[in-house]
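Enquirer: Let me see the structure of the following:
(2 chains)
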2 protein chains.
Amino acid sequence: MAGTAMDRGARKIDPNSDVAIAASVTPQPIEEVGARLGLDPQVLFRYGHIKAKIALEAVRPAEAQADGKLILVTAINPTPAGEGKTTTTVGLGDALARIGKKVAIALREPSLGPVFGSKGGATGGGRAQIIPMQDINLHFTGDFHAISAAHNLLAAAIDNHIYWGNALDIDARRINWRRVVDLNDRALRHVTVGLGGPPNGFPREDGFDITVASEVMAIFCLARSFEDLEERLGRMVVAQTRARQPITAAQLKVTGSMVALLRDAFQPNLVQTLEGTPALVHGGPFANIAHGCNSVVATRTALGLADYVVTEAGFGADLGAEKFLDIKCRQGEIAPSAVVIVATVRALKMHGGIAQKDLGPSNPAAVAAGAGNLVRHIENMKSYGLPVVVAINRFTSDTPTEIEAIEKACAAVGAEVHLCNHWAEGSAGAVGLAEAVVRLADGPSDFKVLYHDDLPLVQKIETIARRIYRAGSVAFDAGALKKLADFEGMGYGDLPVCMAKTQYSFSADPGLRGTPSGFVLPVRDVRLSAGAGFVVALCGDVMTMPGLPSHPAAENIYVDETGFIAGLS
Amino acid sequence: MAGTAMDRGARKIDPNSDVAIAASVTPQPIEEVGARLGLDPQVLFRYGHIKAKIALEAVRPAEAQADGKLILVTAINPTPAGEGKTTTTVGLGDALARIGKKVAIALREPSLGPVFGSKGGATGGGRAQIIPMQDINLHFTGDFHAISAAHNLLAAAIDNHIYWGNALDIDARRINWRRVVDLNDRALRHVTVGLGGPPNGFPREDGFDITVASEVMAIFCLARSFEDLEERLGRMVVAQTRARQPITAAQLKVTGSMVALLRDAFQPNLVQTLEGTPALVHGGPFANIAHGCNSVVATRTALGLADYVVTEAGFGADLGAEKFLDIKCRQGEIAPSAVVIVATVRALKMHGGIAQKDLGPSNPAAVAAGAGNLVRHIENMKSYGLPVVVAINRFTSDTPTEIEAIEKACAAVGAEVHLCNHWAEGSAGAVGLAEAVVRLADGPSDFKVLYHDDLPLVQKIETIARRIYRAGSVAFDAGALKKLADFEGMGYGDLPVCMAKTQYSFSADPGLRGTPSGFVLPVRDVRLSAGAGFVVALCGDVMTMPGLPSHPAAENIYVDETGFIAGLS
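Expert: Here you go, the predicted structure:
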């Protein structure tokens, strides 16, 4: 018979890979990890020996308290040279533990789709990883599957409602609730459903997004209780009637079932770093259509359990940190006590105009030029009233004169720079950073969001564009302006704005590295996420369903005879 | 704002519902349940306090041993009156424990789709249930989500292969690998994908099945090891080239990733009955397109751990037990020691020609007429060389003369009848049945499959049709005959046959209750499941994606303030 499994002899594990480093460490029983946060084993809903969900009975008092100090890790605009934001988050958490602090890390869960695409996972790297990396990168505790099921149940309910008579008068041409799958599958971006005749319903155009792009995911990460969760789900606008009136999810009557599907998932997951530091890994909304941060429930729970909580925001600080501060902190009633901005010498050289192939030789002038990108992010974070420290994630190729160029630029805006080596050394490589962070976090801060709720939506977008991005002006498409007016008319004018913009530049042009300014920021379309509680402003095309590359990572992953999952990187 | 959550005051839990009965029992810690099977807590990969997967290190020696006695619970052809097969499986298991036997129950996992459709779940009922019923009926330990992801990864890989140049020359019109979702969603039965222009691939027809209909599910339930799993996945025929040559999954190179996705799922789940009897609940292939039994790994593991294992087959004995015996037992190298056939007085009356609305009054004549259906199943099971006992699942409306009619009919073919009341009483209601089962299972049996591997495929189908269904002849569509010849030419002639026929009749006509014979069985089409290792014979339309009713059960399910999931029934 054709096509038996490929030759297993060809399968070898690279001993320097993240998966091999992770496998070389013996994890601590999750009860010991939980005990570090004062959690009784009985409140750990274990998934095997080294993963757990924290039971509601422990979550509720902790998240109500939420009195720890929150450290936000963000970064310069990403480049192909790499920055190491998650690695720094983990290394800093471990270093805080090393210097005797009661600490927890709060991170997003990775999406399954990209694991099989071009990268292996999102659990840090080297000696700064969270484990079990295979589990976290694959199904973990099933949260994303629960979100997919809840999302798709609502989609089925919409078509089912139309099938059985369409009492709500849903306009099949104006259903904006797509379906989701947690894979990279470009063939599903645009589809027609309901084909094949009367038993299968009414044909209509539809499409699939990746699960992390679902509004259910965004809601999951912002809701505070089951009641809040169900109310937010119910507020989602999923379609319009032929008379152009909004249809909400509540009208389809399945929000109770959606919450039932999310019941277990809603409890934060507890895992550990390679050094045994507790990590709450929970939720993961797409950073380019939603706010891109781990769940409010997990962050608040961590703040209730630990004295210091290290968390990160998606993308660079202009996009990720802005949304963290203006959406998550606003809705979640939290505030950071300090911000860490991660950069690398190599990435700053790229911001200074050097091509990736030319990053080898020392080039302090290019670093100095590129440091402008870092400096602007420092200024932005300070404008929120937050103390800032810079973490340089070291490469062996970095030279003293290059480091000096960064220190000089940062000193000019009053930011300390710390060289970090946690990738190679674990916590020992980030002690200086940890000490600086404690000093800043224990000192004064005066966090304020960038704009008030009652500012009109157009002005919220303009405020972000001018003050954070340094745009000269904003060019709204006419349709976008009309929709914003409609949203205000419907009572959604008090929502914050969730920017959907390239992460590679302050501008909407991914090719503009460094410090572009005075540009025109295009706002081509806007969308209402009434349940999540924000209005999305689209500054260009937004990809909500990635595709696979010609040789996807899926071709390298396998399970060996012992049951070990290899090939993730 | 429009559409807030529905009034929670209207939500009440029925105290006589299965969910309320289940909630009234305090479950035992899963370690205690495992200890009953001699399992060390360290080999239990716990999901919370009352669910676990049994680790491979314990599964492997147990499934290699597999020396317990296997009891198969099957039934008459189902009617709207209900039979209670799962309830009897659970009640018998509890009763075997009650009389001092070391016992395990082995059941399928329910599908998520129907939970939100017209029924609440598939975990038994009354005092004969497995728990935690909400968990088992919703995500349980994530097995079906893992199967969905593995299935859909392969689908994405097919379209991705075509997108990047189609080196295998896949004919986009001849891709038979559809996508899956674990929901009832009729709008997805027939779709077109790849629309929207070049970045999204090539438009083609496609469709979605419910997850349990996936060949990955069938393989999952028949494979014995990761190597076997990957080889079977690799053998699946997913498409044809333009030259009509088969394309196998192995050629898409993602079978290693598929096994990685199934890594944890492949370990059997351990839960308990309301009385604390261990139950291995694992796998759940669709009974009308696949073989419809729980996994071979779970059944063999249970046989290695317990002295008696009670399991069930889907649908009535003509369809479910035949496939259990001729496919699962053949491939899994197991054999039952006794068969229990479940019937109810009410259902036999329906087989005797009485309409559902007229089931109230006592009608021994109708029972006697309908008992022919039961008698034929007894004869069939005996033809496999197996001892048979009949379990009558009692209703308070049953009369002594009706019971007598059943006993008389069964005595004529040498089968004991036991009246069971486990629904109301738990194990105490099935002690007589348990004692009879032990007597039979400990006595002689001489199991032989119905046909040999080397019988031509056409004759295998004819053998099942004539000997089990009592058809007069089989009418093959010309296309089906040609495909069967093709399958034999490709080297698949030695596979067993998986019948896809209505469960409501021995014939292919669901309206023909009782004992039809001499009819023509139509075989309209055949399909190759090369990885699962069987050829599917389709005797009529087969539904692989159910729809939701006009008022789906999803409208009644919700989570209360304490986190309790209510509304499942």
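Enquirer: which residues touch stretch A:562-569?
Expert: Identification of contacts with stretch A:562-569 by CB atoms under 8 Å, 6 or more residues apart in numbering or on different chains yields A:11, A:13-14, A:17-19, A:23, A:115, A:119-121, A:133-134, A:137-138, A:553, A:556-560, B:56, B:226, B:256-257, B:260, B:263. (Glycine included, C-beta is placed from N, CA and C.)
Enquirer: List phi and psi for residue A:273.
Expert: phi -80, psi 170 (degrees, to the nearest 10).
Enquirer: Over to residue A:218?
Expert: Per degrees, to the nearest 10, the backbone of residue A:218 is at phi -60, psi -40.
Enquirer: thinking residue A:329 is in contact with residue A:447, fair?
Expert: Yes - in this structure, residue A:329 is within contact of residue A:447 by CB atoms under 8 Å, at 7.3 Å.
Enquirer: what do those two both touch?
Expert: A:335-336.
Enquirer: When the two are compared, which one has more neighbours?
Expert: More crowded of residue A:329 and residue A:447, by other CB atoms under 10 Å in any protein chain shown: residue A:329, with 21 against 15.
Enquirer: Tell me where the model's unsure across the stretch 1-150 of chain A.
Expert: A:1-13, A:119-121 (pLDDT under 70).
Enquirer: can you give me the strands in it?
Expert: Assigned by DSSP state E, counting those that start in this stretch, the strands in the stretch 1-150 of chain A fall at A:44-46, A:52-54, A:69-75, A:103-107, A:124-125, A:128-131.
Enquirer: start to end distance for stretch A:438-447?
Expert: The separation between the terminal residues of stretch A:438-447, taken as CA to CA, to the nearest Å, is 17 Å.
Enquirer: Who are the contact partners of the residue minimising distance to the centre of chain A?
Expert: A centroid search over chain A (CA atoms, centre = their mean) returns residue A:292, at 3.2 Å, as the residue closest to the centre. Residues near residue A:292 by CB under 8 Å, 6+ apart: A:108, A:285-286, A:313-315, A:319-320, A:323-324.
Enquirer: Distance of the residue lying closest to it once chain neighbours are set aside relative to chain B?
Expert: Residue nearest to residue A:292 in three dimensions, not counting chain neighbours: residue A:314, with 3.1 Å by CB to CB, 6 or more residues apart in numbering or on different chains. To chain B, residue A:314 is 23 Å away according to CB to the nearest CB, to the nearest Å.
Enquirer: Quick check: the gap between the nearest residue to residue A:216 once chain neighbours are set aside and residue A:115.
Expert: With sequence-adjacent residues excluded and distances taken as CB to CB, 6+ apart, residue A:216 is closest to residue A:151, at 4.7 Å. With distances taken as CB to CB, to the nearest Å, residue A:151 is found 20 Å from residue A:115.
Enquirer: Of the two, give the one with the bigger neighbour count.
Expert: residue A:115 (28 against 24).
Enquirer: Nearest residue to that one in space, please, no chain neighbours.
Expert: residue A:137 (5.0 Å).
Enquirer: just residue A:320 next, same as before
Expert: residue A:313 (3.6 Å).
Enquirer: which residues touch the one you found?
Expert: Here residue A:313 is in contact with A:72-74, A:292-293, A:320-321, A:323-324 (criterion: CB under 8 Å, 6+ apart).
Enquirer: Please identify the residues of the stretch 451-569 of chain A in proximity to chain B?
Expert: Contacts of the stretch 451-569 of chain A with chain B, taken as CB under 8 Å from any CB of the partner chain, map to A:490-492, A:530, A:547-548, A:550, A:552, A:554-559, A:561, A:563, A:565, A:567.
Enquirer: Quick check: pLDDT value at the one residue in the stretch 251-400 of chain A that gets nearest to chain B.
Expert: The nearest approach of the stretch 251-400 of chain A to chain B comes at residue A:256, 3.1 Å away (CB to the nearest CB). The score at residue A:256 is 97. That number is its pLDDT.
Enquirer: wait, doesn't it sit right on residue B:552?
Expert: No - under the criterion of CB under 8 Å, residue A:256 makes no contact with residue B:552, lying 11.7 Å away.
Enquirer: my guess is the residue nearest to residue A:292 meets residue A:289, correct?
Expert: No - the criterion here is CB under 8 Å, and residue A:314 misses it with residue A:289 at 11.0 Å.
Enquirer: Which residues belonging to stretch A:172-186 are considered buried?
Expert: By 16 or more other CB atoms under 10 Å in any protein chain shown, the buried positions in stretch A:172-186 come out as A:172, A:175, A:177-186.
Enquirer: how about the helices of the stretch 401-550 of chain A, start to end?
Expert: A:422-425, A:431-442, A:457-463, A:478-489 (DSSP state H, counting those that start in this stretch).
Enquirer: Reformat those helices as TSV; add mean neighbour count.
Expert: Listed next are these as TSV, based on neighbours: other CB atoms under 10 Å in any protein chain shown:
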stretch	mean neighbour count
helix A:422-425	21
helix A:431-442	21
helix A:457-463	20
helix A:478-489	15
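Enquirer: Tabulate these in JSON lines, adding columns for mean pLDDT.
Expert: JSON lines is the format used below for the helices of the stretch 401-550 of chain A (pLDDT from 0 to 100):
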{"stretch": "helix A:422-425", "mean pLDDT": "94"}
{"stretch": "helix A:431-442", "mean pLDDT": "98"}
{"stretch": "helix A:457-463", "mean pLDDT": "98"}
{"stretch": "helix A:478-489", "mean pLDDT": "97"}
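Enquirer: Pick the most deeply packed of the strands of the stretch 1-150 of chain A.
Expert: Of all those, strand A:103-107 has the most neighbours on average by mean count of other CB atoms under 10 Å in any protein chain shown, namely a mean of 30.
Enquirer: Just checking: what are the partner strands of that one?
Expert: Using DSSP bridges, strand A:103-107 pairs in its sheet with strand A:278-281 (parallel), strand A:308-312 (parallel).
Enquirer: closest one to residue B:280 among these?
Expert: strand A:278-281 (30.1 Å; CB to CB).
Enquirer: For the closest one, output the C-alpha coordinates as PDB.
Expert: Provided in PDB are the C-alpha atoms of strand A:278-281 (Å, rounded to 0.1, in the frame of the first residue of the first chain):
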ATOM      1  CA  PRO A 278       4.900  30.500  38.700                       C
ATOM      2  CA  ALA A 279       3.400  31.600  35.300                       C
ATOM      3  CA  LEU A 280      -0.200  32.300  34.600                       C
ATOM      4  CA  VAL A 281      -0.700  31.700  30.900                       C
END
